[in-house]
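[1] Need a 3D model of the following:
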Amino acid sequence: MLKYIKIALTSIIGILLYKLPYYTTYCKIVAINVITILHFLGINAIIISSEHVVLIVAESQYIFRITKSCAALEGILFITCLTAVSPLSLREKIKLIAFLIMAIHIANTIRLTIMIFLITKNTSFFWAHDVISPLYSTAVFILIGFYLTTTFIKFYNQKRKKL
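    This next block holds a predicted model:
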């Protein structure tokens, strides 16, 4: 019964966090990281932002809106909630959540940079946004899922050895 209460509370917390109106702060952080890499690659890009919208303007002609999905907030919340209801100790949960948020953030920054780079180099939006980005995201989530699975298996094996 306690397990179901933990799952319900974690789901409610995840939904509430996702619905926060001021997610643009994180989107700005993502945009700053992306344009830093784009500048390194020789692409001129700037950020235009307001309270609810973050835009990246690349090469003065391409405008990209960074949304919750672009910033990988769904993935971060999903992995955080999944880890929060896991049987790991609180210390292990905090370490794992911190590591996974960092990993998702870095992987997503790379994904957005590749997508914007390809579009500015005359690759079609369809190929860059609708084909390459989802394949990359799927590969990253498979790796994260594999990592989580092995972490949970190690935890269960350690618990069995103690018994």
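
[2] Tell me the spatial nearest neighbour of the most centrally placed residue in the chain, not counting adjacent residues.
    Closest to where the C-alpha atoms of the chain average out (CA atoms, centre = their mean) is Ala72, at 3.3 Å. Using CB to CB, 6 or more residues apart in numbering and skipping the chain neighbours, the partner closest in space to Ala72 is Asn108 (4.0 Å). All C-beta atoms are positioned from the backbone trio N, CA, C, and that covers glycine.

[3] Now that neighbour: which helix or strand?
    helix 90-120 (DSSP states H and E).

[4] Could you report the separation of the residue nearest to the centre of the chain from Val140?
    Distance of Ala72 to Val140, computed by CB to CB, to the nearest Å: 9 Å.

[5] Equivalent analysis for Ile47, please.
    Relative to Val140, and taking CB to CB, Ile47 is found at 24 Å.

[6] mind listing what's buried in the helix holding Asn108?
    Residues of helix 90-120 classed as buried by neighbour count (16 or more other CB atoms under 10 Å): 93, 96-97, 100-101, 103-105, 107-109, 111-120.

[7] now swap in stretch 41-50 and tell me
    Ile43, Ala45, Ser49.

[8] Present these as TSV; the columns should include secondary structure.
    Listed next are those as TSV, based on DSSP: H, G, I helix; E, B strand; the rest coil:
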residue	secondary structure
Ile43	coil
Ala45	strand
Ser49	strand
